[in-house]
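Colleague: Okay, here's the prediction I keep looking at, along with the sequence it came from:
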Amino acid sequence: MEENKVEHSYDESDIQVLEGLEAVRKRPGMYIGTTSARGLHHLVWEIVDNSIDEALAGFCNEIKVILEKGDIVKVIDNGRGMPTGKHAKTGKSTVETILTVLHAGGKFGGGGYKVSGGLHGVGASVVNALSEWLEVHVHREGHIYYQRFEKGGVPVSDLKIIGDCDDTGTIVSFKADPLIFNETTVYDYDTLNQRIRELAFLNKGLKLILEDHRNEPYKKNEYHYEGGIKEYVAYLNRNKTAIHEEIIYVEDEIDDIKVEVGMQYNDGYQPNIYSFCNNINTHEGGTHEEGFRLALTRVINNYAKNNNFLKKDEESLNGDDCREGLTAIISVKHPDPQY
Ligand code: 0R9
């Protein structure tokens with residue numbers, strides 16, 4: 001602690017920050033939903049989401065998640081690196097601001113917006129608050145910057161340069177606090193693997209890697225889909241008999257809102273339609289899914305009518321008819337989603 005005092009002195013704004021982080025520790029459920037295994041895994045997604053935002057901004061094409069011995073998670077991206085300069089509002093480095101001020105990633109961002117987001121979308125500062133310790137390494141402008149936080153987000157030192165590099169990126173390592181996650185602090189490989197594969201399908205061209213270094217032999221899965229949701233549809237239909245070879249794929253972007261649809265019919269009866277908004281499965285549907293259903297029924301009916309495919313006594317095909325045996329993914333990326 002003596003060492004901390006020398007390197008990091010506290011003023012009124014630091015106290016406000018510490019109070020914010022303390023509020024997260026007092027009521028973690030308000031920020032991550034639960035402190036069960038589900039909440040524990042949510043910490044990983046909060047950090048990965050920041051890397052995905054960097055990928056969606058066009059600056060990162062690889063994200064690696066490593067599980068290390070001792071319940072430690074390391075997330076590595078090859079983006080621009082978190083901004084290291086002094087933050088205008090907090091007077092601290094932007095790195096420290098992102099990691100200690102609640103919601104800082106969105107509000108204080110470098111002009112962009114947060115598109116990807118877990119269930120709660122509360123950011124890296126919440127992960128820091130709920131960790132025994134957290135370390136950040138930023139590779140930027142030829143330097144390696146480093147900062148460590150302990151006991152729920154308290155900085156051990158200021159952000160400092162510890163070396164040189166010729167690449168760019170961000171590495172965040174953390175150990176979830178067992179005092180908070182008192183049910184378990186052990187990560188489940190399959191849970192992480194499934195979501196990482198889903199994120200790779202939903203973000204075409206992005207390489208996502210999961211490594212487990214907890215026990216030998218190490219485990220590794222790597223996902224990289226140039227076709228994105230087109231390949232997702234092929235994956236979902238892999239054990240079915242498709243009735244047309246080509247997967248239908250459309251994409252468009254209007255007013256910063258990106259829409260992608262992939263679909264293929266199989267010879268089954270059951271429809272399998274999954275919709276996502278900002279990489280989150282919208283189980284309850286929503287306007288994007290409803291719009292898709294209506295458009296599909298309309299397009300098929302128009303085509304059928306124009307080509308005299310409908311029997312005289314049949315006025316039109318209903319929605320259920322049009323969705324029979326359909327596997328479809330609808331993915332929307334929206335800067336201001338309404339959940
Ligand atoms: C390993 C986990 N990765 C991250 O948490 C991460 C955050 C992050 C980032 C930016 C780039 N890479 C990142 N990785 C970034 C850089 C710049 C602008 N926006 C984003 C830039 O160079 O100008 N940031 C996430 C939030 C912010 N940066 C900030 F802008 F709020 F500071």
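Modeller: Good, I have the coordinates. Residues are numbered from 1 along each chain as shown.
Colleague: Show me the helices in the protein, by range?
Modeller: Counting by DSSP state H, one finds helices in the chain at the ranges 2-7, 12-26, 28-32, 37-56, 94-100, 104-107, 124-129, 189-202, 229-236, 287-306, 319-323.
Colleague: ok now the last one, how far from the chain's centre?
Modeller: Spelled out, it's helix 319-323. 32 Å (Cα atoms, centre = their mean, to the nearest Å).
Colleague: Could you name the helices and strands sitting against that helix?
Modeller: Packing partners of helix 319-323 (3 or more Cβ pairs under 8 Å, 6 or more residues apart in numbering; DSSP states H and E): helix 287-306. Where C-beta positions appear, they are placed from N, C-alpha and C, glycine not excepted.
Colleague: Return the set of buried residues in the helix it packs on.
Modeller: Using 16 or more other Cβ atoms under 10 Å as the test for burial, helix 287-306 gives 288-289, 292-293, 296-297, 300-301.
Colleague: which strands and helices sit next to it?
Modeller: strand 272-277, helix 319-323, strand 326-333.
Colleague: and the residue lying closest to A176 once chain neighbours are set aside, how far is that from L192?
Modeller: Using Cβ to Cβ, 6 or more residues apart in numbering and skipping the chain neighbours, the partner closest in space to A176 is T185 (5.1 Å). For T185, the distance to L192 (Cβ to Cβ, to the nearest Å) stands at 14 Å.
Colleague: repeat for K74
Modeller: K74 sits 13 Å away from L192, going by Cβ to Cβ.
Colleague: which parts of the stretch 151-300 of the chain sit against the ligand?
Modeller: For the stretch 151-300 of the chain, the contact set with the ligand under Cβ under 6 Å from any ligand atom comprises 170-172.
Colleague: Identify, from those residues, the entry nearest to V127.
Modeller: Taking Cβ to Cβ as the measure, V127 lies nearest V172 of these, at 7.9 Å.
Colleague: Any stretches of the stretch 151-300 of the chain with poor pLDDT?
Modeller: Across the stretch 151-300 of the chain, nothing is flagged by pLDDT under 70.
Colleague: Could you check which residue of it lies nearest the ligand?
Modeller: For the stretch 151-300 of the chain and the ligand, the shortest gap (Cβ to the nearest ligand atom) falls at T170, measuring 3.7 Å.
Colleague: Quick check: that residue touching G79?
Modeller: Yes - between T170 and G79 there is a contact at 6.3 Å, judged by Cβ atoms under 8 Å.
Colleague: who has more neighbours, these two?
Modeller: T170 (27 against 24; other Cβ atoms under 10 Å).
Colleague: just to revisit the earlier point, T185 and L192: which has the busier surroundings?
Modeller: The neighbour count for T185 versus L192, taken as other Cβ under 10 Å, is higher for L192 (20 against 17).
Colleague: I'd say the more buried one and L210 touch.
Modeller: Yes - contact between L192 and L210 holds when scored by Cβ under 8 Å: they sit 5.8 Å apart.
Colleague: re the thing from before, got a markdown table for the residues of the stretch 151-300 of the chain next to the ligand, with distance to Q147 too?
Modeller: Putting these into a markdown table (distance: Cβ to Cβ, whole Å) gives the following:
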| residue | distance to Q147 |
| --- | --- |
| T170 | 12 |
| I171 | 11 |
| V172 | 10 |
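Colleague: Looking at those residues, spot the one nearest V261.
Modeller: For these, the nearest to V261 is T170 (32.2 Å; Cβ to Cβ).
Colleague: Run through the bridge partners of the closest one.
Modeller: D77, V138 (DSSP bridges).
Colleague: Quickly note the distance from it to W45.
Modeller: 16 Å.
Colleague: Okay, V299 and K305: tell me how far apart.
Modeller: Distance from V299 to K305, by Cβ to Cβ: 11 Å.
Colleague: got it, and D11?
Modeller: Look at D11 and K305: by Cβ to Cβ, they are 72 Å apart.
Colleague: Repeat that for G58.
Modeller: Plainly put, G58 is 43 Å away from K305 if you go by Cβ to Cβ.
Colleague: Now tell me what touches stretch 83-91 from outside.
Modeller: Under the criterion Cβ atoms under 8 Å, 6 or more residues apart in numbering, residues 13, 17, 92-97, 101, 108, 110, 138, 140-141, 143, 145, 159 lie in contact with stretch 83-91.
Colleague: next one: stretch 302-310 to chain centre, how far?
Modeller: For stretch 302-310, the distance to the chain centre is 42 Å (Cα atoms, centre = their mean).
Colleague: before we move on, back to that, shared neighbours, T170 and G79?
Modeller: Counting by Cβ under 8 Å, 6+ apart, the residues touching both T170 and G79 are 51, 54.
Colleague: any idea how far E245 is from I280?
Modeller: In terms of Cβ to Cβ, I280 sits 31 Å off from E245.
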